[in-house]
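Trainee: Please work out how this folds:
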Amino acid sequence: MDDYIKNVYLGIRARHGVSVDDVLETPELRQEFLAAVWQQFPDVPERDILHRLVYLRKKARLLPSRK
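Mentor: Sure, this is the predicted structure:
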């Protein structure tokens with residue numbers, strides 16, 4: 001699931017030039033991100049998906065800054 005979350009985030013980042021914090025804090029971006037993840041993992045709660053996104057950022061598996 002981590003690789004899928006990473007790829008979804010990187011797609012949103014490429015389209016919008018945003019950071020993980022932007023995805024977490026902006027309702028429209030958060031919904032876009034969650035909708036994409038739920039296509040593959042429909043039963044995973046929002047909290048768990050967002051927690052994994054933050055975990056990936058903290059483990060330096062995602063680019064740290066805006067485009």
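Trainee: What confidence value was assigned to the residue lying farthest from the centre of the chain?
Mentor: Of all residues in the chain, residue 43 has its C-alpha farthest from the mean position, at 16.4 Å, by CA atoms, centre = their mean. Per-residue confidence for residue 43 comes out at a pLDDT of 96.
Trainee: For this protein, which segments count as helices?
Mentor: Assigned by DSSP state H, the chain shows helices spanning 2-16, 20-25, 27-40, 46-58.
Trainee: Can I get the longest one in PDB, CA atoms only?
Mentor: Translated: helix 2-16. Extracted C-alpha coordinates of helix 2-16, given in PDB (Å, rounded to 0.1, in the frame of the first residue of the first chain):
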ATOM      1  CA  ASP A   2       2.900   2.400   0.700                       C
ATOM      2  CA  ASP A   3       4.100   2.400  -2.900                       C
ATOM      3  CA  TYR A   4       0.500   3.100  -4.100                       C
ATOM      4  CA  ILE A   5       0.100   6.000  -1.700                       C
ATOM      5  CA  LYS A   6       3.500   7.300  -2.700                       C
ATOM      6  CA  ASN A   7       2.600   7.200  -6.400                       C
ATOM      7  CA  VAL A   8      -0.800   8.800  -5.800                       C
ATOM      8  CA  TYR A   9       0.900  11.600  -3.900                       C
ATOM      9  CA  LEU A  10       3.600  12.100  -6.500                       C
ATOM     10  CA  GLY A  11       0.800  12.400  -9.200                       C
ATOM     11  CA  ILE A  12      -1.000  15.100  -7.200                       C
ATOM     12  CA  ARG A  13       2.300  16.800  -6.600                       C
ATOM     13  CA  ALA A  14       3.100  16.800 -10.300                       C
ATOM     14  CA  ARG A  15      -0.300  18.200 -11.200                       C
ATOM     15  CA  HIS A  16      -0.600  20.800  -8.500                       C
END
